[in-house]
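1. Can you look at this prediction? I've put the sequence above it.
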Amino acid sequence: MNFIKTEVKDHIATVVIDAPPVNAVSFELMKEIIATFDALSETDDVRVAVLTGAGKVFSAGVDIKSRVGAQYQPGDRLANARLAREMSYCMIECKKPIIAAVNGPALGAGLGLASSCDILVCSETASFGLPEIDVGLMGGGKHAMRLFGHSLTRRMMLTGYRVPASELYRLGIVEAALPAAELMPYALDMAAVIASKSPIASRTAKHSASTIESMGLRDGYRFEQTLTADLGRTEDSRESMRAFAEKRKPVFTGR
């Protein structure tokens, strides 16, 4: 990997975007994101991931410089657009929960990366924005709609407005807006809580949340009930109930 650094410790995978100077999203970075989270989905030792950026920027969005003067062959644009979609899908569909530790601006495709995570925390220097209007591009609006309301999403799309960390926290977009030095310890503490749970339960909860997001109440609740019944047949579920009754910490085996 040239742009993604991954470290696994205590069932937590720390994934760092390291593409100086601003962690711009190139086609190569997209491929590495996909490969990384696909691998984490199938790594039994990993129960949760924390995604952050190296330096002072989470991700400034699409690598515009690499596109200036680029020569496209028929089909290239379609393939590139598909790659960008898969970068988000690989995170949304990752079997392991992902915490975004947004250490600075998350713009355009960077906002897409953050919104594809399950839990968001940020530093006081973070901001979310859609600058595509200023560089002759479009995209990211649907990702923003998962986080923001009608008017603010359109303000971002039409003006390039960047929502600061204080506003992200006030609106409930992020769980915390912290001094830079406190961001990763906070994210890793939260990851440790998730890692202490049954990996089957965490995987099922993420799958449930991602699926019911676009469902109505009746179908969504029915889907959850089906997963609950399936989860109840696992050894981890039985261990959870035994531990509760015996007033001890459960020991999970992932079965």
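-> Sure, I can see it.
2. only C-alpha atoms for contact and neighbour calcs from this point on.
-> Fine.
3. so what's Ala70 scoring on pLDDT?
-> At Ala70, the model reports a pLDDT of 69.
4. phi, psi of Pro164?
-> phi -80, psi 170 (degrees, to the nearest 10).
5. same thing with Gly108?
-> phi 60, psi -120.
6. doesn't Asp63 make contact with it?
-> No: using C-alpha atoms under 8 Å, Gly108 is not in contact with Asp63; the gap is 10.5 Å.
7. the more surrounded of those two?
-> Gly108 (28 against 17; other C-alpha atoms under 10 Å).
8. could you measure the closest residue to Val8 other than its chain neighbours against Ala54, distance?
-> The spatial neighbour of Val8 that comes closest, neighbours along the chain excluded (C-alpha to C-alpha, 6 or more residues apart in numbering), is Thr14 at 6.3 Å. As for Thr14, its distance to Ala54 is 12 Å (criterion: C-alpha to C-alpha, to the nearest Å).
9. now do Gly172
-> Distance from Gly172 to Ala54, by C-alpha to C-alpha: 25 Å.
10. Likewise for Thr253?
-> 34 Å.
11. Please say which of these two ends up with more neighbours.
-> Ala54 (21 against 11).
12. That one contacts Val15, doesn't it?
-> No: judged on C-alpha under 8 Å, Ala54 makes no contact with Val15 at a distance of 9.9 Å.
13. Which helix or strand contains Arg222?
-> Taking DSSP states H and E as the definition, one finds Arg222 inside helix 217-231.
14. helices or strands next to that helix in the packing?
-> helix 199-212 (3 or more C-alpha pairs under 8 Å, 6 or more residues apart in numbering; DSSP states H and E).
15. what's the angle from the helix it packs on to helix 217-231?
-> 160 degrees (axes from the mean of the first three to the mean of the last three C-alpha atoms, to 10 degrees).
16. So which elements touch helix 199-212?
-> Using 3+ C-alpha pairs under 8 Å, 6+ apart: helix 199-212 touches helix 217-231.
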